[in-house]
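Engineer: Quick one: sequence plus predicted model below, questions after.
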Amino acid sequence: METSKLRILILFIAGSFSLINCQNKKMEQKYSWLGTVSAPQEYPMEVYKGAIIADDFTYGFDAIWGTQNTGWGNEGGTMSVETQQMDIPTTLEFTWYSLVEKTFYTGKWNLDHEKIKELFEKGFIDQDNGKKATYTNFIVGLAPKGRVVLWINGPGNQKEVGVFQAHDTIITQEKAYENAKYMLKEGFADRMVKDPSYETFKPEIRAKIEKEGYPAPDIYDVYRERYNWKPSVILPEGSEWIDFGLTSYNGEQENLFGETLTADTYKKRAVPKFCGFYWRDQNKNRYAVWVDSFDEKEIFDLFQKLGKEKNIAFTIKVNADNTGAALSLKSEKEELPITKAKIRLSRKIE
C-alpha cells in the first residue's frame, strides 16, 4: 500500500515538473524573424537546401535561392512567411555547392539558444526614432572549406551568434531533387565562374581575382580575430561628436550614439572594414565623415603590430572645415598612421 502511494507521489512530482517546464516554454517570448544567405563576393555559393529551425517554425532554403555572393556578412534576399511570431531557433542545417571549389558541403548544428535569447531581449535603440528595437534577420554565411557563420541582424546592428564546420558530401544527378539537378550538369560550375556573360562576379571583383587570385580560404577565420579597441574622434574646438557606425571584416555591425557613444570604452572587436559618423561644429553646422574602405593588408598589419593585449584607440582627427581627416591606431606608447584608407568628407549638411 505504502509503495503504491510513493509511486503515485513520484509520478505527481514528475508530472508537476513537466507541467512547469512546459509552461515556462510557452511563456518564453516569441519574436518575428526571417533568414537569408551571405557568401564572399569571390566565392559564389549555390544553395541546395537548408533550414533555420525553431520548435514551432522552420524557415527553409532550397535551390530557388540560386547563386549567393553578396559579400561576407552582407544580406541577400529574404522570403516572406505567413507566421508573425516565432520561437527562438534551436537548430541550423545547410547543404550548398561551392562553385569555385566544385564541392558540396553539408552539416547540422545546435544553436546557442541563451545567447540568441539574450540578444533578442536586449535589442538596441533605433537612432531614427529613439525607441527600443530588436533583431529581425538571421544571416547564414557560407565560406570556403565548409566554414559557416551565423549572424543576427537588425537596423545598424549585426552580431555573430555561431561558427560551425560543415563536411564535404557527394550529391549526384540521380540523387538530387528535380529543381537542383542543374547544379550537377557537366561544366555548370566552370561556366558560372569563368564565363563573364553569366555576371556571377562584379567586373571589379573578376578583375581582382584575375590579378591576385582567390582569397586564402582561412582569411574568413582571420577576419574573426578581435582586438581591444574603441573609436576616438578628434574634432575642432567647440564641436560635438554625434554618432559612429561601423562594419567589421567579420560581418558584425555597431551603431553608437547618445549614451552608447559617450560610455563606449575599449572592447573586443574585429578589425573595422567601414565606418562613418556625423559631427557639429561650434556654430551647429553638421558634417559627415566616411571611411569607405581600408587597404586590407595595411589595416591588419597595423592591428597585428599593436597586438591583442593592448588598448587601441582607432583615431580620426578632422580639420576645421571638414576637408581632411587623419587616421591612426594609438596605444598608450605608440601611434601608427593609417595612410591608404579611402575617406569621404561632406560639405555642410543643411
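Structural biologist: In hand now; what should we look at? Numbers count the residues shown, from 1 in each chain.
Engineer: for the record, mean pLDDT for stretch 152-172?
Structural biologist: The pLDDT scores in stretch 152-172 average 97.
Engineer: Just the buried residues of it, please?
Structural biologist: Judged by neighbour count (16 or more other CB atoms under 10 Å), stretch 152-172 contains these buried residues: 152-154, 156-164, 166, 171. In this view, the C-beta of every residue, glycine as well, is placed from N, C-alpha and C.
Engineer: Quick check: the two most widely separated of those?
Structural biologist: Farthest pair in these (CB to CB) is Gly156 and Ile171. Separation: 38.5 Å.
Engineer: quick one, helices of this structure?
Structural biologist: In the chain, the segments counted as helices under DSSP state H are 2-27, 113-122, 188-194, 203-212, 219-222, 259-262, 296-306.
Engineer: quick one: contacts of the second one?
Structural biologist: Same thing as helix 113-122. For helix 113-122, the external contacting residues (CB atoms under 8 Å, 6 or more residues apart in numbering) are Glu28, Gln29, Tyr31, Ile88, Pro89, Thr90, Thr134, Tyr135, Ile152, Lys159, Val161.
Engineer: Likewise for stretch 324-338?
Structural biologist: The contact list for stretch 324-338, computed with CB under 8 Å, 6+ apart, reads 229, 232, 289, 291, 294, 298-299, 302-303, 305-306, 310-319, 341, 343, 345.
Engineer: Pop the domain breakdown of the chain in here.
Structural biologist: 34-169, 226-345 (automatic domain parsing).
Engineer: Which of the ones you listed sits closest to Ala189?
Structural biologist: Closest to Ala189 of these is domain 34-169 (CB to CB; 4.6 Å).
Engineer: From the opening residue of that closest one to its closing one, how far?
Structural biologist: One end of domain 34-169 to the other measures 27 Å (CA to CA, to the nearest Å).
Engineer: How far does it sit from its chain's centre?
Structural biologist: Put simply, domain 34-169 sits 9 Å off its chain's centre (CA atoms, centre = their mean, to the nearest Å).
Engineer: what do you get for stretch 339-350?
Structural biologist: 25 Å.
Engineer: now the end-to-end length of it.
Structural biologist: End-to-end distance for stretch 339-350, by CA to CA: 30 Å.
Engineer: Pull out the buried positions in it.
Structural biologist: Residues of stretch 339-350 classed as buried: Ala341, Ile343 (neighbour count, 16+ other CB under 10 Å).
Engineer: And the contacts of it?
Structural biologist: 278, 285-295, 298-299, 318, 322-325, 327.
Engineer: Of those residues, grab the buried ones for PyMOL.
Structural biologist: The PyMOL selection below is limited to those of the contacts of stretch 339-350 classed as buried (16+ other CB under 10 Å):
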select buried, resi 278+287+288+289+290+291+294+299+318+322+325+327
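Engineer: Inside strands: which ones of the contacts of stretch 339-350?
Structural biologist: Among those, the ones falling in strands (DSSP state E) are Tyr278, Arg286, Tyr287, Ala288, Val289, Trp290, Val291, Asp292, Ser293, Val318, Ala325, Leu327.
Engineer: With Glu298 as the reference, measure out to the spatially most central residue of the chain.
Structural biologist: By CA atoms, centre = their mean, the chain has its centre lying nearest to Gly251, at 3.6 Å. Computed with CB to CB, to the nearest Å, the distance linking Gly251 and Glu298 is 20 Å.
Engineer: before we move on, what about Pro89?
Structural biologist: In this view, Pro89 and Glu298 are 39 Å apart by CB to CB.
Engineer: One more: His167?
Structural biologist: Taking CB to CB, one finds His167 at 36 Å from Glu298.
Engineer: Then Arg286?
Structural biologist: 30 Å.
Engineer: Could you do Glu237 as well?
Structural biologist: On the measure of CB to CB, Glu237 and Glu298 end up 31 Å apart.
Engineer: Lys305 too?
Structural biologist: For Lys305, the distance to Glu298 (CB to CB) stands at 11 Å.
Engineer: ok, for Trp109, nearest residue in space, not its chain neighbours?
Structural biologist: Excluding its sequence neighbours, the residue lying closest to Trp109 (CB to CB, 6 or more residues apart in numbering) is Phe164, at 4.5 Å.
Engineer: Identify the residues contacting the one you found.
Structural biologist: By CB under 8 Å, 6+ apart, the contact set of Phe164 is Leu92, Gly107, Trp109, Arg147, Val148, Val149, Leu150.
Engineer: buried stuff in stretch 75-83?
Structural biologist: Neighbour-count burial for stretch 75-83, counted by 16+ other CB under 10 Å, picks out Gly76, Thr78.
Engineer: Just the CA trace of that stretch, in CSV.
Structural biologist: Provided in CSV are the C-alpha atoms of stretch 75-83 (Å, rounded to 0.1, in the frame of the first residue of the first chain):
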residue,chain,number,x,y,z
GLU,A,75,22.3,40.3,-46.5
GLY,A,76,20.9,38.5,-49.5
GLY,A,77,17.2,38.4,-50.3
THR,A,78,14.5,37.1,-47.9
MET,A,79,11.3,35.1,-48.4
SER,A,80,8.1,36.3,-46.8
VAL,A,81,6.2,34.0,-44.5
GLU,A,82,2.8,34.0,-43.0
THR,A,83,3.9,33.3,-39.4
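Engineer: so Tyr59 makes contact with Thr36?
Structural biologist: No. The criterion here is CB atoms under 8 Å, and Tyr59 misses it with Thr36 at 9.6 Å.
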